[in-house]
Structure formats: structure tokens, C-alpha cells
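Enquirer: Sharing a model that was predicted from the sequence below.
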Amino acid sequence: MSGAPNKSGDGERKKKESILDLSRFIDKQIRVKFAGGRESSGVLKGYDPLLNIVLDDCIEYLRDPDDPYKLTMDTRPLGLVVCRGTAVTLICPMDGMESIANPFVQQE
């Protein structure tokens, strides 16, 4: 045996649970932001405890080539996509979402 003794005393490890409950978003349109700045939206078809997610009818929002932090209105259809959970930084439902201006940006 290795490591510290288990506090529960029965020798079993506690199963890790996801901190998010995505079951209420199944078959609904969501928007996902990834590490590195990419954004996409699609219909959530499945997920696992590591936040690997499956999106159907997925669309990627393309960034401005001159300013990589600015999204353009251009999109690219991707279809059915499996997104790696370690790259996911934000998940939000599309209904009730609106874009606002950044209040911390200095006006020129």
C-alpha cells in the first residue's frame, strides 16, 4: 500500500463529482469559451465529470486577424464536436445571454 491512510477506513476512494450540473442544459444551445480565446456555440449533447463536452451543430466564432482578442461577426460551421474539458474556461446558456461593453477598458 502507498500514501496516507484513507480517513473513511473502508479502503474506498470517494468518487470525484463535477462541480457543475450541466444536465439542465442537455439539448439546449450553449456558448463555450476555451483557453486561448476561441469561442463556439452549439447544442449540448453530452458531458462527463471532467467537463469534456459534446456539441452538435457547433459554430466557431472567428477572431479579428489584427486583434486576436476581438471577435468578428464571421463564423465557421463545425458540426458535431467533442471539446476537451481542460480547455473549457466558460460555459453559458445562449438564451438570456447578452454581450456588454467592457467597463474596464480606457476610452480613447
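Expert: Structure's in. What do you need?

Enquirer: Check the secondary structure at residue 105 for me.
Expert: When classified by DSSP: H, G, I helix; E, B strand; the rest coil, residue 105 comes out as coil.

Enquirer: what's it in contact with, if anything?
Expert: The contact partners of residue 105, by Cβ atoms under 8 Å, 6 or more residues apart in numbering, come to none. To be clear about C-beta, it is placed using only N, CA and C from the backbone, and glycine gets the same treatment.

Enquirer: Next: residue 82.
Expert: By Cβ under 8 Å, 6+ apart, the contact list for residue 82 reads 52, 53, 54.

Enquirer: With residue 25 instead?
Expert: Here residue 25 is in contact with 44, 91, 93 (criterion: Cβ under 8 Å, 6+ apart).

Enquirer: so which of those comes closest to residue 80?
Expert: Residue 80 lies nearest to residue 44 out of the contacts of residue 25, by Cβ to Cβ, at 11.9 Å.
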